[in-house]
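**Q** Sequence first, predicted coordinates after that:
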Amino acid sequence: MKSRLFPKNERGTANHGWLQANFSFSFGSYYNPDMAQFGMLRVLNDDTIAAGMGFGTHPHDNMEIITIPLEGGLTHQDSMGNKATVRFGEVQVMSAGTGVEHSEMNASGTEQAKTLQLWIFPEEQNVIPRYDQKSFDLEKNKNSFITIVSPEDKNDGNALWIYQQAFLQLGIFEEGQTIQYNVNIPNNGIYIFLIEGELEINGQIIHERDAFGVIEFENIEIKTKALSKILLIEVPMKYNDNYGN
């Protein structure tokens, strides 16, 4: 097993006035050769978007894009004809495939929105673009992970799916919980992003907005030191990552 802590204060940042962003990986004007990606996970942006503002129409292709509102909501509109608002408690996926244009605007004219957006490289290029969203009740399922995204061929109908052998889990856990996580696919790695709370993994303390990566493992034990909201991302590695110990 190899593991690495990614402290929140080592993330890239950008302040555009209407947008305050934190970048777990190189993005836009932020470039860190040591933080280009984690396996097939290319982007994890932690954004705060001002009321009435957002991202105007822009293109994407050959990327699986997952949006998780943490506060408020975003109104999405795309060239496939979809128009919908994704709010706190929901998750959105978009397979950009051969190419799609979309916009994402804060759904509120008076309140800020906070979101996580992830980009994952697909296992298949130039698929037909697609869009979906779904609500998940984390409070009802406290102290257990809910699978919010899985591969199409391993989807049980309760989660969203993408064109990659990746699994995204969300969960709220009370203090004092011990969570055993078994990797779904051998040789996948996991990137644990702590939205809120405090964890202990392999003797390492993880604080709010820190991340913790693990590769070359079969299972791992996560202990909660406080009420915690956890996003766990399991992805194929498939590259020489110079990962460390």
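**A** Perfect, I can see it now. Residues are numbered from 1 along each chain as shown.
**Q** Give the residue spans of this protein that score low on pLDDT.
**A** 239-245 (pLDDT under 70).
**Q** Could you list the residues in contact with the helix or strand containing residue 114?
**A** Assigned by DSSP states H and E, residue 114 belongs to strand 113-120. Outside strand 113-120, the residues that touch it by Cβ atoms under 8 Å, 6 or more residues apart in numbering are 40-49, 63-74, 106-107, 162, 164, 166, 168, 193, 195, 231, 233, 235. Just so you know, the C-beta spots here come from the backbone N, C-alpha and C atoms, and that holds for glycine as well.
**Q** Mind checking which of those are in strands?
**A** Among the contacts of strand 113-120, DSSP state E puts 41-49, 64-71, 73-74, 106, 162, 168, 193, 195, 231, 233, 235 in strands.
**Q** List only buried entries from those.
**A** 41-49, 64-70, 73-74, 106, 162, 168, 193, 195, 231, 233, 235 (16 or more other Cβ atoms under 10 Å).
**Q** First-to-last residue distance for stretch 49-66?
**A** End-to-end distance for stretch 49-66: 17 Å, by Cα to Cα, to the nearest Å.
**Q** wait, what's in contact with the nearest residue to residue 188 once chain neighbours are set aside?
**A** The shortest distance from residue 188 to any non-neighbouring residue, by Cβ to Cβ, 6 or more residues apart in numbering, is to residue 234 (5.0 Å). Applying Cβ under 8 Å, 6+ apart to residue 234 gives the contacts 166-169, 183-185, 188-190.
**Q** If you drop the residues flanking it in sequence, what lies closest to residue 71?
**A** residue 114 (4.0 Å).
**Q** for that neighbour, which residues make a bridge with it?
**A** Here residue 114 shows beta-bridge partners residue 48, residue 71, assigned using DSSP bridges.
**Q** Check residue 106 too.
**A** If you apply DSSP bridges, the partners that residue 106 bridges to are residue 74.
**Q** Same question for residue 206.
**A** Here residue 206, judged by DSSP bridges, has bridge partners residue 199.
**Q** Also the one 5 residues further on?
**A** Partner residues in beta bridges with residue 211, using DSSP bridges, are residue 6, residue 193.
**Q** Contact partners for it?
**A** Residue 211 makes contact with 5-6, 8, 24, 44, 191-194 under the criterion Cβ under 8 Å, 6+ apart.
**Q** 10 Å instead?
**A** Residue 211 makes contact with 4-8, 10-11, 24, 38, 44, 191-194, 231, 233, according to Cβ atoms under 10 Å, 6 or more residues apart in numbering.
**Q** do residue 151 as well
**A** 123, 159, 161-167, 184-185.
**Q** Look up phi and psi at it.
**A** With angles defined as degrees, to the nearest 10, residue 151 sits at phi -70, psi 150.
**Q** For residue 26, see how far away it is.
**A** According to Cβ to Cβ, to the nearest Å, residue 151 stands 26 Å off from residue 26.
**Q** hang on, the earlier thing: which among the contacts of residue 151 count as buried?
**A** Buried members of the contacts of residue 151, counted by 16+ other Cβ under 10 Å: 123, 159, 161-167, 184.
**Q** And residue 154, its phi and psi?
**A** Dihedral angles for residue 154 - degrees, to the nearest 10 - are phi -120, psi 20.
**Q** re earlier: kindly state the beta-bridge partners for the residue nearest to residue 188.
**A** Per DSSP bridges, the residues bridged to residue 234 are residue 167, residue 190.
**Q** can you check residue 181 too?
**A** Bridge pairing for residue 181 - DSSP bridges - gives residue 220.
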